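# predicted model and sequence below, questions to follow.
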Amino acid sequence: MGKLYERIDGRIRAFIEEQPVFFTATAPLAADGHVNLSPKGRAGSLVVLDEETLAYLDFGGSGAETLAHVRENGRITLMWCAFSGPPKVLRVHGRGEAIFRDDPRWAEYVPRFGAADGPSARAVIVVHAVRISDACGFAVPFMDYREERTQHAEHFGRKTDDEFAAYCEKKDHVGVSLDGLPALPLPLPARTA
């Protein structure tokens, strides 16, 4: 039986921080637009800021649907599944905000991610919780976590900021979404100090 929560308390926060992967879901306002669901999982790339706010690093390497949808309407849901231990699915429905590299708040948020930050960080997505709920998770399978995949961090770690900006420029569906919505500002803004 699911339960609603008023805030991300210590127990919920611990559950979030223990999970090696989470998912983001967003959609445009247009009825015929593409719904987006993305896995996220680089260690250290998600932080609980307070009892109502989370943030995660948005990296290059794929499209920018989440960025476009958050810019257009702010709707976002984050979801975690317990693949080990007691069964549970946790969702945080919220209002998202993209903080890009040239935003003065960038320098305030990025240090919170420590070593997870890197050249391919293109935005911080801040999520203000509107609804926090869990469900039983009885149908979620047990799965064993082995280790982090390092290819993404290693590949982009070899790029300079200019090389990463050039990479973003040539990728389809980074400056605009599949539905033509503005996504990542291009040319890629330089990082604020």
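Great, that's in hand.
# from here on, just use CA atoms for contacts and neighbour counts.
Fine.
# contacts for stretch 68-77 next, please.
The set of residues external to stretch 68-77 that reach it, using C-alpha atoms under 8 Å, 6 or more residues apart in numbering, is 24-29, 91-98, 127, 176-177, 181-184.
# can you check stretch 21-35 too?
Applying C-alpha under 8 Å, 6+ apart, the contact partners of stretch 21-35 are 36-42, 65-66, 68-70, 72-73, 75-81, 178-179.
# give me that answer again for 6 Å
With contact meaning C-alpha atoms under 6 Å, 6 or more residues apart in numbering, stretch 21-35 is reached by Asn36, Leu37, Ser38, Pro39, Lys40, Gly41, His69, Ile76, Thr77, Leu78, Met79, Trp80.
# quick check, nearest of these to Ile12?
Trp80 (10.7 Å; C-alpha to C-alpha).
# let's see if you can find the most crowded of the contacts of stretch 21-35.
For the contacts of stretch 21-35, the largest number of neighbours (other C-alpha atoms under 10 Å) sits with His69, at 28 neighbours.
# next secondary structure after the helix or strand harbouring that one?
Using DSSP states H and E, the element containing His69 is helix 65-73. Downstream of helix 65-73, the first helix or strand assigned by DSSP H and E is strand 75-81.
# restricting to C-alpha, output that next one in PDB.
This file holds the C-alpha atoms of strand 75-81, laid out as PDB (Å, rounded to 0.1, in the frame of the first residue of the first chain):
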ATOM      1  CA  ARG A  75       7.000  19.300 -14.800                       C
ATOM      2  CA  ILE A  76       9.300  16.400 -13.700                       C
ATOM      3  CA  THR A  77       9.100  13.200 -11.800                       C
ATOM      4  CA  LEU A  78      12.000  11.400 -10.300                       C
ATOM      5  CA  MET A  79      11.700   7.700  -9.500                       C
ATOM      6  CA  TRP A  80      13.800   5.200  -7.500                       C
ATOM      7  CA  CYS A  81      13.300   1.400  -7.300                       C
END
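# so the helix or strand following that strand versus strand 75-81, what angle?
Going down the chain from strand 75-81, the next helix or strand is strand 89-100, by DSSP H and E. With axes from the mean of the first three to the mean of the last three C-alpha atoms, to 10 degrees applied, the angle from strand 89-100 to strand 75-81 works out at 130 degrees.
# quick one: list the elements packing against strand 89-100.
Packing contacts for strand 89-100, counted by 3 or more C-alpha pairs under 6 Å, 6 or more residues apart in numbering; DSSP states H and E, involve strand 75-81, strand 121-135.
# for that strand, which outside residues touch it?
Residues from elsewhere that reach strand 89-100 (C-alpha under 6 Å, 6+ apart): 70, 74-81, 123-135, 137.
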